[in-house]
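> Build the 3D model from these lines:
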Amino acid sequence: MLQHCHAYAVQAKRDGRKVVGILCEFTPRELILAAGGVPVCLCGGSAKTIPAAEQELPANLCPLIKSTYGYCVQKSNPFLEMADLVIAETTCDGKKKMYELMGRTRPVHVLELPQKVEDADAAEHWYREIQKLKGELERRFGVEITECKLREAIRLMNRERGLRRQLAEVMKCDSPAITGRELITLKSSISGIPADLEQYEKAIARYGTAANGVDDTRLASGAAKRSHARVLLTGVPMAHGAERVLEIIEQNGGLVVAMENCTGLKPILEDVDETAADPLRAIAEKYLHLPCSVMTPNRRRMESIRGLAGEYRVDCVIELIWQACLTYDVEARRVREVVEQELGLPYLRIETDYSPSDSARIATRVEALFETVRGRRA
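Got it, this is the predicted structure:
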């Protein structure tokens, strides 16, 4: 996917289209597509770029923020280098201040995200922010974002989200034809590429009807075949290159059947209302509903975890938290209460960064969790 996306972006630039970088799931892809742009995710998942970022950023900052800014310092992310605009959201304090540094050398537009999601004033404020973004895209790119273009973009993104949901539902099978690690490779860095949507359809046709389940040797690193634990993975997003914990889980007896995070199901649980009288307001409403830990109170995330745990028939829940990600770290206690007390499932909290130095310790803790699962089954 990554190489294909790079080739697509390069050709789009040659054709005169604008590349627009995205740093969080709150940015509406529909607006960028309606402006004729190419929306591409810029979140960093490499540990190699972090030292460059730490020349300006604190060492105890979230690794995703440092990795993303490290790419900016090194000029090593080709998508960022060709970006005509970077759209950023005020999700956390670390990101906000990083945007200021990035804005010294890159064109950055910041969306002010209200965080009292249940407040009517918050919805109106966010709608005005989306209106401002529409005006910025029109001014900067010399285009008019018409209602017709917005509705066309909404249909395209709804189709993409629907296909990704169907792919995710493959994991509801008793023995899915793919692993969780393989599933997230079926996710494009750029939204709305027609060829990618065709690939999603082919994957659904292939894996959604496959009779054979997962080969346990792929999940247990060659160990004797055994029944794998069905895992709901929640918490922080895993940018491309930062899938280490997911790999550890599936190398030690687990199968991640659902990911309640921004890499997985969280941004595709809802569509934009295609019949709404005001398509721009419909877009704003959909994106504000993302159950991110920055929201207060964040009841929707707990509802999502409850629902997904049942739909995917999980045996346990693992929560991944990047070091210094305070909102997810604080919210972990509530998640644990929901999982253990309401759902009656084992729970494991993993706090780490992009360094592999703690991989053995994480593997030991994951194995212990799965022993608990096997004991409960017995």
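> Skipping adjacent residues, who's closest to A242 in space?
G45 (3.6 Å; Cβ to Cβ, 6 or more residues apart in numbering). All C-beta spots, glycine's among them, are computed from the backbone N, C-alpha and C.
> quick one, phi/psi of that neighbour?
Torsion angles at G45 (phi, psi; degrees, to the nearest 10) stand at phi -130, psi 10.
> Pull the number of nearby residues for it.
A count of neighbours around G45, defined by other Cβ atoms under 10 Å, yields 20.
> Which residue is the nearest non-sequential neighbour of L288?
Nearest non-adjacent residue to L288, counting by Cβ to Cβ, 6+ apart: W126, 4.9 Å away.
> Quickly find the element holding that neighbour.
According to DSSP states H and E, W126 maps onto helix 120-141.
> which residues sit against that helix?
Residues outside helix 120-141 that contact it (Cβ atoms under 8 Å, 6 or more residues apart in numbering): 18, 20, 28, 31-32, 35-37, 84-85, 87, 107, 109, 111-116, 143-145, 280-281, 283-285, 287-288.
> separation between G375 and A229?
Noted for G375: a distance of 11 Å to A229, by Cβ to Cβ, to the nearest Å.
> same question, R181
Taken as Cβ to Cβ, the span from R181 to A229 is 15 Å.
> Repeat that for L320.
According to Cβ to Cβ, L320 and A229 sit 16 Å apart.
> got a list of what Y71 touches?
Y71 is in contact with L42, G44, S46, T49, N77, L80, counting by Cβ under 8 Å, 6+ apart.
> Name the member of the residues you listed with the most neighbours.
Result: G44 is most packed of the contacts of Y71 (other Cβ under 10 Å), 28 neighbours.
> who's in contact with it?
So G44 contacts L64, K66, S67, T68, Y69, G70, Y71, N77, A239, G241 (Cβ under 8 Å, 6+ apart).
> same thing but 6 Å
Neighbouring residues of G44 by Cβ atoms under 6 Å, 6 or more residues apart in numbering: S67, T68, Y71, A239.
> ditto for S188
S188 neighbours (Cβ under 6 Å, 6+ apart): M1, D196.
> Can you tell me the SS state at it?
Classification of S188 using DSSP: H, G, I helix; E, B strand; the rest coil returns coil.
> Burial check on the nearest residue to L269 once chain neighbours are set aside, number of neighbours?
Leaving out its chain neighbours, the residue that sits closest to L269 by Cβ to Cβ, 6+ apart is S304, at 6.7 Å. Counted with other Cβ under 10 Å, the burial measure for S304 works out to 18 neighbours.
> Next: K132.
Neighbour count of K132, defined by other Cβ under 10 Å: 13.
> measure it to T90 for me?
For K132, the distance to T90 (Cβ to Cβ) stands at 13 Å.
> Count the neighbours of G36 for me.
G36: 17 surrounding residues under other Cβ under 10 Å.
> residues contacting it?
R17, V143.
> now do the one 3 residues further on
Applying Cβ under 6 Å, 6+ apart, one finds that P39 lies in contact with V20, I22, R29, I32, S191.
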